[in-house]
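[1] Next come a sequence and a model predicted from it.
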Amino acid sequence: MSFKVKFWGVRGSIATPSPRHIGFGGNTSCVELKVGSRVIILDAGTGIRNLGHWLLRRNVMRGDIFLSHTHWDHINGFPFFSPAFKPDRHFTIHAGHLSDRGGIGQALQSQMAQPFFPVPLEKMGAQIDSVDFRAGDSFNLGDQIRVRTTALNHPDGATGYRFEYGGKSLCYVTDTEHIPGKPDQNILGLIEGADLVIYDSTYTDAEFEDHVGWGHSTWQEGVRLCRTAGAKTLAIFHHDPDHEDPFMEELEAEARQLWSGAMVARENMRVNLL
Ligand SMILES: [Zn+2]
Ligand SMILES: [Zn+2]
C-alpha cells in the first residue's frame, strides 16, 4: 500500500521562472498522487510538463487527472504533457464545474484550438476520456480509492477534492475565497480529520482586504480551517507570483510559529501518507 504526494507546481496565477522564485518554485498548480498502483494528477498547470517526462521514464500507461477548474494556471501545461502524445497511453480527465457549460472535453479542446495552439486535442495520440460530475458528488475511483468533492467559492466555479485510501486522506482545496469570520462549512466538512490539506494560500491576511472578490484565500485561513476541522497538516499552496523566496521564507517561519501542522509547499517536495 502506498499513498504518496509530490508537488510539481505550487505557484498560482502565472508561472514565475525567475531566480527569485527558484527556492519555492515557479511552475503553476500540479500535484501527483501515487495511490496504490494508480497515478492521480491534480491540475494541469505548467508543473505537469515535468511530471509528464517523469511518467514517460517510468513507463506509466494510464492516469486520472482531476481539475480544480479551468483557469489558465490550472490547465495550460496540458498541451505539453508528453505522455498524452503516446498512442498507447490512457488518461481520464475529471472536472466538477462544467457539466452545465459544455463539459471539460470541450473546454480543453478550445484551449488547443487555432489560433491558440497548433495541435488539436484529438491529435494528441493517447486515449483521452473526459468525465463531468457536479461539485458535491462522491464516487469510488476503483482500487479502494474514494473521492469526495465540494464546490468552492471562486469566479466561474471550482471543485475541492478529498481522496481517501488505506485509512489516509488528502484534500486539495484551490482556488477558493473565504469570508472573514465565517469559515466555509463545505470546506470544513470536506477536510474533517484529513491527514494533509493543500489549500489556496495566495495571500496573507494583511493582503486579503485589497483582494476581496479575487477568488483566493490566505494561509492564516488555511490554519484556522485545519484546526477547526481537526486536520493534521496544512500545505500552503498556490503562492502569489509576487511572493519571492525571501518573503516566502518569512511566511514559512511565521506559519510554523502559528501552527506546527503548517508547511509551505515547494516544487519537488514529497509527502508520504502511507
Ligand atoms: Zn489558480
Ligand atoms: Zn482560478
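    It's in. Keep in mind that this is a model prediction, so the values were computed, not measured. Numbering: from 1, shown residues only. Ligands and ions are numbered 1, 2, ... in the order given.

[2] what sits against residue 220?
    With contact taken as C-beta atoms under 8 Å, 6 or more residues apart in numbering, residue 220 is in contact with 204, 205, 258. Quick note: C-beta positions are derived from backbone N, CA and C, even for glycine.

[3] can I get those in a markdown table with pLDDT, distance to residue 141 and neighbour count?
    What follows is those, written out as a markdown table (pLDDT from 0 to 100; distance: C-beta to C-beta, whole Å; neighbours: other C-beta atoms under 10 Å):
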| residue | pLDDT | distance to residue 141 | neighbour count |
| --- | --- | --- | --- |
| 204 | 98 | 35 | 16 |
| 205 | 98 | 36 | 13 |
| 258 | 98 | 34 | 14 |
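
[4] Closest one to ligand 2 out of those residues, please.
    residue 204 (18.6 Å; C-beta to the ion).

[5] From residue 255, how far out is the residue nearest to the closest one when sequence neighbours are not counted?
    Excluding its sequence neighbours, the residue lying closest to residue 204 (C-beta to C-beta, 6 or more residues apart in numbering) is residue 218, at 5.7 Å. The spacing between residue 218 and residue 255, counted by C-beta to C-beta, to the nearest Å, is 11 Å.

[6] now swap in residue 129 and tell me
    Residue 129 sits 39 Å away from residue 255, taking C-beta to C-beta as the criterion.

[7] neighbour count winner among these two?
    Between residue 129 and residue 255, residue 255 has the larger neighbour count (other C-beta atoms under 10 Å), namely 22 against 12.

[8] Wait, a helix at that one?
    Yes - counting by DSSP: H, G, I helix; E, B strand; the rest coil, residue 255 falls inside a helix.

[9] was I right about it contacting residue 235?
    No - between residue 255 and residue 235 there is no contact, the gap being 10.5 Å when judged by C-beta atoms under 8 Å.

[10] which residues are in contact with both of those two?
    Counting by C-beta under 8 Å, 6+ apart, the common neighbours of residue 255 and residue 235 are 263, 264.

[11] need the helices for the chain, in chain order.
    48-57, 72-75, 103-111, 185-191, 205-208, 219-229, 245-258 (DSSP state H).

[12] Go through these and name the closest to ligand 2.
    helix 72-75 (6.5 Å).

[13] Can you name the residue of this structure that approaches ligand 2 most closely?
    residue 71 (3.4 Å).

[14] Just give me the neighbour total for that residue.
    Applying other C-beta under 10 Å, we find 21 residues neighbouring residue 71.

[15] residues from the stretch 151-274 of the chain in reach of ligand 2?
    Taking C-beta under 5 Å from the ion, the part of the stretch 151-274 of the chain that reaches ligand 2 is made up of residue 175.

[16] quick one: the strands in the stretch 151-274 of the chain?
    Using DSSP state E, counting those that start in this stretch, the strands of the stretch 151-274 of the chain run over residues 158-165, 168-173, 196-200, 234-237, 262-264, 270-272.

[17] Mean pLDDT, distance to residue 92 and mean neighbour count added to those, as CSV?
    As requested, the strands of the stretch 151-274 of the chain are exported to CSV (pLDDT from 0 to 100; distance: least, C-beta to C-beta, whole Å; neighbours: other C-beta atoms under 10 Å):
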stretch, mean pLDDT, distance to residue 92, mean neighbour count
strand 158-165, 98, 14, 25
strand 168-173, 98, 17, 25
strand 196-200, 99, 21, 28
strand 234-237, 99, 24, 27
strand 262-264, 98, 30, 21
strand 270-272, 98, 24, 13
